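Trainee: Model the following, please.
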Amino acid sequence: MQLSSLAGGGEPNCAARAYRPRRSSPETCRPILRPFPRRRPSSAAASAAGASLAPPPPVAERRDLSRELDVAVRAVHMACSLCQVIQQSLLRRGAAHVAAKPDDSPVTVADWGVQAAVSWVLAENFPGERLSITAEEDAAALASPANAAVLDAIVAAVNGSLSAAAGHGLAAPPRGGLRRGDVLEAIARCSAPAAEGGRRWVLDPVDGTLGFVRGDQYAVALALIDGGEAALGVLGCPNYPLRSQWLRHHHRFFRAAARLAPAPPPGSWHSGCVMYALRGGGGAWMQPVGGGAARPVRVSSVDEPAAATFCEPVETANSSHSFSAGLAHHVGLRSRPLRLYSMVKYAAIARGDAEVFMKFARSGYREKVWDHAAGAVIVEEAGGVVTDAGGRRLDFSGGLFLRGLDRGIVACSGGALHRKIIGAVDASWGSSEL
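Mentor: This next block holds a predicted model:
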């Protein structure tokens with residue numbers, strides 16, 4: 001794996017201010033976190049719990065996963081802060097440790113660092129369980145002496161992130177932090193063969209790495225798969241703007257405007273957001289990166305195609321813009337597509353900033369579970385619909401890949417739009433070259 005610079009030139013040195021986690025009292029440094037309270041906690045109780053997390057609605061009777069959700073939300077907040085620091089470094093220096101995978105897609109210190117940090121947090125908080133984690137990155141290349149500098153950068157990033165663990169209500173690492181072997185072990189823990197069915201965590205440490213190195217949108221995605229379905233999902237979107245109109249611009253323009261504007265007040269959602277949901281919990285929630293007051297999110301009420309906004313991937317390597325464009329015209333979608341990196345597309349549907357997300361893969365490409373699990377459950381709990389192009393719910397029981405996927409993925413804000421899209425797929429598929 002040869003290192004190269006994919007950060008690109010010409011980016012203004014105007015990254016958002018680095019996140020500084022709040023200080024916590026020693027009482028918050030507990031290896032076992034309290035689950036979400038059933039009622040909204042007082043400000044004192046929220047402070048004692050570390051980052052201020054909003055309580056979800058009552059959990060489905062089949063299983064109480066409130067503690068798993070609590071740990072996952074805190075871990076993603078911490079991971080987002082790690083990514084913000086590294087992305088700012090990429091933008092300032094114009095070059096950093098960025099490698100190319102065998103498929104030529106980029107991987108960064110942030111990808112490996114987030115995977116190691118989240119893996120370590122899950123292992124520390126669920127020590128008595130047979131922990132199963134499926135994630136995107138592989139530690140094999142990092143063990144090579146030729147990549148010692150990259151590994152050292154990852155270790156430094158992980159320890160920098162975990163040093164703020166107490167501020168997120170998480171257990172702190174041992175004195176002196178993690179060493180090379182600890183970090184490699186944490187990354188490798190996520191590389192075990194993905195068992196079909198059963199219960200496992202699914203992590204995409206930096207979804208949309210190309211957007212990340214270009215200073216644009218990306219996401220940290222963590223989900224728990226139980227019995228083939230996404231039981232909970234957490235989606236960290238550090239560059240997601242408060243105003244939906246900013247989504248149509250490269251994030252560098254938002255950063256430049258932010259530098260000219262007065263400093264935002266606390267809780268203004270200036271620094272991105274974390275969305276989360278528990279299946280059967282009755283809703284999805286959003287709060288600013290780093291913690292703070294949360295609010296429910298709900299899909300848009302738009303059900304007429306002419307008024308709807310649809311999302312699609314930025315890159316065309318694994319999806320067809322031409323088929324999506326033809327399908328949009330057939331259905332009556334008139335707005336130009338909102339092209340976004342990563343699972344931010346799911347966040348846009350859940351928050352009501354868009355109504356349709358369509359992805360139809362090119363022949364031979366298989367959709368991976370970590371690219372959809374967290375986003376799908378959040379959209380569904382926010383009131384939306386997510387299926388394959390045949391109208392069937394996504395099946396996450398097949399190891400690394402979605403099982404039995406019919407042609408593509410369609411996520412909509414409501415049933416009426418969804419039925420129109422599915423009908424148009426059936427009518428148009430015969431002429432498709434996919």
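Trainee: I'd like to know which elements the helix or strand containing Glu68 is packed against.
Mentor: Assigned by DSSP states H and E, Glu68 belongs to helix 66-93. Secondary-structure packing of helix 66-93 (3 or more CB pairs under 8 Å, 6 or more residues apart in numbering; DSSP states H and E): helix 109-125, helix 148-162, helix 209-213, strand 219-226, strand 229-237, strand 273-278. Heads up, the C-betas are built off the backbone N, CA and C, glycines and all.
Trainee: Including mean pLDDT, distance to Phe396 and mean neighbour count, could those go into TSV?
Mentor: Formatted as TSV, the helices and strands packed on helix 66-93 follow (pLDDT from 0 to 100; distance: least, CB to CB, whole Å; neighbours: other CB atoms under 10 Å):
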stretch	mean pLDDT	distance to Phe396	mean neighbour count
helix 109-125	96	18	26
helix 148-162	95	27	20
helix 209-213	90	22	23
strand 219-226	97	5	28
strand 229-237	97	6	28
strand 273-278	96	15	29
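Trainee: Figure out which of the ones you listed is closest to Gly408.
Mentor: strand 229-237 (18.3 Å; CB to CB).
Trainee: And that closest one, what does it pack against?
Mentor: Secondary-structure packing of strand 229-237 (3+ CB pairs under 8 Å, 6+ apart): helix 66-93, strand 219-226, strand 273-278, helix 344-351, helix 373-381.
Trainee: Out of these, flag the one nearest Gly167.
Mentor: Closest approach to Gly167 among the helices and strands packed on strand 229-237 is made by helix 66-93 (8.4 Å; CB to CB).
Trainee: Give the buried residues for the helix or strand following that closest one.
Mentor: Next helix or strand after helix 66-93 toward the C-terminus (DSSP H and E): strand 98-100. Across strand 98-100, burial judged by 16 or more other CB atoms under 10 Å covers Val98, Ala99.
Trainee: Direction included, what does strand 98-100 pair up with?
Mentor: Partner strands and pairing direction for strand 98-100 (DSSP bridges) are strand 3-4 (antiparallel), strand 106-108 (antiparallel).
Trainee: weakest of these by average pLDDT?
Mentor: Mean pLDDT per stretch puts strand 3-4 lowest among the strands paired with strand 98-100, at a mean of 45.
Trainee: which ones are touching Ile421?
Mentor: Leu327, Val331, Val356, Met358, Val410, Cys412 (CB atoms under 8 Å, 6 or more residues apart in numbering).
Trainee: tell me which element the fourth one is part of?
Mentor: Using DSSP H and E, Met358 sits within strand 356-360.
Trainee: Using PDB, write down the CA coordinates of that strand.
Mentor: In PDB, the C-alpha atoms belonging to strand 356-360 read as follows (Å, rounded to 0.1, in the frame of the first residue of the first chain):
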ATOM      1  CA  VAL A 356     -35.700  10.700  -2.200                       C
ATOM      2  CA  PHE A 357     -32.400   8.800  -2.300                       C
ATOM      3  CA  MET A 358     -31.800   6.400  -5.100                       C
ATOM      4  CA  LYS A 359     -28.800   4.300  -5.800                       C
ATOM      5  CA  PHE A 360     -28.600   1.800  -8.600                       C
END
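Trainee: residues in contact with the residue nearest to Leu162 when sequence neighbours are not counted?
Mentor: Using CB to CB, 6 or more residues apart in numbering and skipping residues adjacent in sequence, the residue nearest Leu162 is Pro173, 4.6 Å away. By CB under 8 Å, 6+ apart, Pro173 lies in contact with Trp120, Asn159, Leu162, Ser163, Ala165.
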